[in-house]
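Chemist: I would like to see how this sequence folds:
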Amino acid sequence: MAAAPILSWEGLSLQQGSGWLFRDLDLHIAPRDRLALIGRNGAGKTTLLRLISGAVEADKGKRAIQPGTRIVTLEQDPFFTGHDTLLDFALHGPDAPPRHEVEAIAGQLGIDMTRKADSASGGERRRAALARALASEPDLLLLDEPTNHLDLAAIDWLEGWLSRYNGAFVVISHDRTFLERLTKATIWLDRGSLRRKEIGFGGYEAWMEQVYAEEARAADKLDAKLKIEAHWLERGVTARRKRNQGRLEKLWEMRAQRAAMLSPQGTAKLALGNDDAKSKAVIVADKVSKRFGERPIIKDFSLRITRGDRIGLVGANGAGKTTLLKLLTGELAPDEGTVTLAKTLTGVMIDQQRSLLSPEKRVRDVLAEGGDWVDVRGVRKHVQGYLKDFLFDPGLVDARVGTLSGGERSRLLLAREFARLSNLLVLDEPTNDLDLETLDLLQEVIADYDGTVLIVSHDRDFLDRTVTVTLGLDGSGRVDIVAGGYAEWERQRKARTAPARPTPKAAATPAAPSAPPPAARKGKLSYKDQRDYDTLPERIAEFDAAIARGEAQLADPDLYARDPAKFAAIMAALDKVRADKEAAEERWLDLAEQVEG
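Modeler: Sure thing, here's the model as predicted:
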């Protein structure tokens, strides 16, 4: 039998202005739940966390909590005003954690808690807030964008801590890798309703598309127009995955081309015999070194960046990413070596400084200087149509910036900057405060951008989906140059540091990215493949029928109270059938790609 919830909300409703933000939500959190809370910016995710914690009162609903349950929230923007040092912040209040526990966790996170709070960086503040939250030994941990401002080492540490944690947690995050590694169930806040599925975030997108596809079919049957974003109605499972597959295949091709330009040692070949290739170079770094005092930041770094490259910079905070970025863009001069920029290079820097957007301005003021038309890289577009491109309701064109959520302001900033004419795009931590749908949009915009892109990010999944070359910095001055994304850099780094083992002697060849996904390899179908291609549609229909039967059983509102064991058994069976259906769909789509190829 399933464990009794430690916290429940029944009939949870909250008004916002003249309407309801959400209404009649039911939520149950078990002692060991690992929940991903998913929803678009503005859906009310942070508000729901505050309702769970008790910091916000609902307009309707009943909240029940097991006696003695300790709930701790890691807020997205903790309030440091009034605290002298980071340690003062961590130890304030009647429920402050033990000092020795705070200091122990701070030591593992590598943060000096005696640092003045008003001069601490975003990463230092985030670590201090983590030390306070984790040292409190909560039964339920509420995490709002916990990886924001953390470097890769701190994210790895946090993942390890949470994997060993004995309590329950609910997490809001844009970091797909973080969510996929840690969550076991997903709660999805969508258009005022809350759905739950006993799958981790890895299965969320297939589930989401299934829900929207079912709603679209129901709307067709009723001959009614369901109020769903057209953005989603137009991209079913097959269409969206094929488009993403095409984008990924293009990325694999670009990585393979880049791998051929790298020497076996991982440094870039500067001498290219092809004049056309030379003319495409936009930034050339030749034996560049930079130090601060006695500390080497960049040592003997060489790279030719060509038109269309997507370059990702990764490494711990303080490893030199910002310094290298400034060297490559000409903002900082090297101590040794040269950096040559193409004379025609025109750059746009997007650093998520949404605070620079005046809260009193209207959306049309930001995008179109108060008019109705905006020039998008030389093409004239109506401002309302352009807003739709960035997932905004066109009716927001006259809304004040100050009324937008933090994520919406970030999206507005992206819309403004992407409209500018440029051939070099510089993105400094672009994924902060963006919801998952906006991240998908950002990946597509980057893929379609015809210039060169430099990206500094700690978002591993985002880098894997966007960059052709990764520059990995370890803080010693060394810069690894890898054809591929974060995963490929991490694989090569681990292979380099692993104990050496005897291997057969082979000729040195350039480093190459990992093999592309199966759908990228075209060819004639084997007998087994052809049989699967012919029979899988019927199997998928059988899975649909089984899912419908299970969902019909779950439609009984009293089933859980009457027979929790049966409810759990039906849920488990449904999850298996849905997973089997998803695998069958993926298999059939893969085969269909080969047939079409």
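Chemist: okay, now the unreliable bits of the stretch 451-597 of the chain?
Modeler: The model of the stretch 451-597 of the chain has pLDDT under 70 over residues 497-524, 551, 554-561, 593-597.
Chemist: ok so residue 380 is a strand residue?
Modeler: Yes: under DSSP: H, G, I helix; E, B strand; the rest coil, residue 380 sits within a strand.
Chemist: what's the closest non-adjacent residue to it?
Modeler: Of all residues not flanking residue 380 in the chain, residue 373 sits nearest, at 5.6 Å (C-beta to C-beta, 6 or more residues apart in numbering). All C-beta spots, glycine's among them, are computed from the backbone N, C-alpha and C.
Chemist: residues touching the one you found, list them.
Modeler: Neighbouring residues of residue 373 by C-beta atoms under 8 Å, 6 or more residues apart in numbering: 380-383.
Chemist: show me what the host helix or strand of residue 532 is packed against.
Modeler: Per DSSP states H and E: residue 532 is located in helix 527-554. Judged by 3 or more C-beta pairs under 8 Å, 6 or more residues apart in numbering; DSSP states H and E, helix 527-554 is in contact with helix 564-596.
Chemist: buried stuff in the helix it packs on?
Modeler: 567, 570-571, 574, 577-578, 580-582, 584-585, 587-591, 593-594 (16 or more other C-beta atoms under 10 Å).
Chemist: tally of neighbours for the residue lying closest to residue 361 once chain neighbours are set aside?
Modeler: Nearest non-adjacent residue to residue 361, counting by C-beta to C-beta, 6+ apart: residue 401, 5.2 Å away. Neighbour count for residue 401, taken as other C-beta atoms under 10 Å: 19.
Chemist: could you list the domains of this structure?
Modeler: Using automatic domain parsing, the domain ranges for the chain come out as 7-208, 253-346+422-440+449-498, 353-420, 522-597.
Chemist: quick check: which ranges of the stretch 151-300 of the chain have low pLDDT?
Modeler: Regions of the stretch 151-300 of the chain meeting the criterion pLDDT under 70 cover residues 218-248, 260-279.
Chemist: could I get the full set of helices for it?
Modeler: 152-164, 176-182, 204-221, 230-233, 237-259, 275-279 (DSSP state H, counting those that start in this stretch).
Chemist: what helix or strand does residue 495 sit in?
Modeler: Using DSSP H and E, residue 495 sits in helix 486-497.
Chemist: could you check the angle helix 152-164 makes with that helix?
Modeler: Taking axes from the mean of the first three to the mean of the last three C-alpha atoms, to 10 degrees, helix 486-497 and helix 152-164 form an angle of 90 degrees between their directions.
Chemist: off-centre distance for helix 486-497?
Modeler: Remark: helix 486-497 is offset 21 Å from the chain centroid, using C-alpha atoms, centre = their mean, to the nearest Å.
Chemist: same check on stretch 392-410?
Modeler: Chain-centre distance of stretch 392-410: 21 Å, with C-alpha atoms, centre = their mean.
Chemist: ok, residue 188 to residue 207 distance?
Modeler: Here residue 188 is placed at a distance of 8 Å from residue 207 (C-beta to C-beta, to the nearest Å).
Chemist: intersection of neighbour lists for those two?
Modeler: Jointly contacting residue 188 and residue 207 under the rule C-beta under 8 Å, 6+ apart are residue 197.
Chemist: need the domains of the chain in CSV (columns: distance to residue 217).
Modeler: Listed next are the domains of the chain as CSV, based on distance: least, C-beta to C-beta, whole Å:
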stretch, distance to residue 217
domain 7-208, 15
domain 253-346+422-440+449-498, 22
domain 353-420, 24
domain 522-597, 10
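Chemist: could you tell me the end-to-end distance of stretch 162-170?
Modeler: Taking C-alpha to C-alpha, to the nearest Å, stretch 162-170 runs 11 Å from one end to the other.
Chemist: I meant stretch 418-431, not that one.
Modeler: Terminal residues of stretch 418-431 lie 15 Å apart, using C-alpha to C-alpha.
Chemist: list the buried residues for that stretch?
Modeler: 418-419, 422-431.
Chemist: that older thread, phi first, then psi, for the residue nearest to residue 380.
Modeler: Here is the backbone geometry of residue 373 (degrees, to the nearest 10): phi -130, psi 150.
Chemist: who's it bridged to?
Modeler: Beta-bridge partners recorded for residue 373 (DSSP bridges): residue 382.
Chemist: again with residue 313
Modeler: On DSSP bridges, the residues paired with residue 313 through beta bridges are residue 456, residue 471.
Chemist: about what we covered before: closest to residue 448 among the contacts of residue 373?
Modeler: residue 381 (14.8 Å; C-beta to C-beta).
Chemist: that closest one contacts residue 368, doesn't it?
Modeler: No: if you go by C-beta atoms under 8 Å, residue 381 and residue 368 don't touch, sitting 9.3 Å apart.
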